[in-house]
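In: Based on what follows, work out the 3D shape:
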Amino acid sequence: MRRSGWHILQEGGILTLCRQTPARLDVAVTVALPSADPLRLAQQIRQDMWRAVQNVRGFSPVVQVEPHAEGLLVTAGGRVAGRVPGNLASEIKAVLEDEVKRSRWLRYARSGKNRLKTVQVEEKLHKCTTGFDKEAETGQ
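Out: Alright, predicted model coming up:
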């Protein structure tokens, strides 16, 4: 366990981020995502999932990330002390399917050169669009 209180387990290529061991998924939702840094991705997903369902009494988030043919397979959910609310899976699914959150997670989790390339491309696009905005304003 790290100082943060989160366990980071790796077994057979599967990364598991959990608060309590053994990791238990009383409720789980799975989604496929493009390749990225598994730990950085898991941390971002865990934070957003917690923000969405923190009102569920006794909920402890668990995120598993494993390699998949086209990228990563992410299973998000967690342990629930007591009765599992009927809408919990749909709330977690809504977090995982939110395109704005997904793009933020992937931007943060891009590793090495790919991350630098993504930032450089975004800067070029920003400069390019601001140039178009100037034309519209000045008429030149």
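
In: for residue 77, what are its contacts?
Out: Listed by C-beta atoms under 8 Å, 6 or more residues apart in numbering, the contact set of residue 77 reads 25, 26, 27, 28, 29, 61, 62, 89, 92. C-beta here means a position set from N, CA and C on the backbone, and glycine is covered the same way.

In: Work out for me the element residue 91 sits within.
Out: Here residue 91 is covered by helix 88-97, with elements defined by DSSP states H and E.

In: which residues are in contact with that helix?
Out: Defining contact as C-beta under 8 Å, 6+ apart, one finds that helix 88-97 is touched by 27-29, 31, 45, 48-49, 52-53, 56, 59, 74, 76-77, 80, 101-102.

In: Among the residues you listed, which lie within strands?
Out: Secondary-structure check on the contacts of helix 88-97 using DSSP state E: residues within strands are 27, 28, 29, 31, 59, 74, 76, 77, 80.

In: I'd assumed residue 24 was in contact with the last one.
Out: Just to be clear, that refers to residue 80. No. With contact defined as C-beta atoms under 8 Å, residue 80 does not reach residue 24; the gap is 9.0 Å.

In: Specify which residue of the two has the higher count of neighbours.
Out: Between residue 80 and residue 24, counting by other C-beta atoms under 10 Å, residue 80 is the more crowded of the two (19 against 14).

In: which residues pair with that one across the strands?
Out: With DSSP bridges applied, residue 80 shows beta-bridge pairing to residue 59.

In: For residue 58, see how far away it is.
Out: Summarising the geometry, the distance separating residue 80 from residue 58, computed by C-beta to C-beta, to the nearest Å, is 6 Å.
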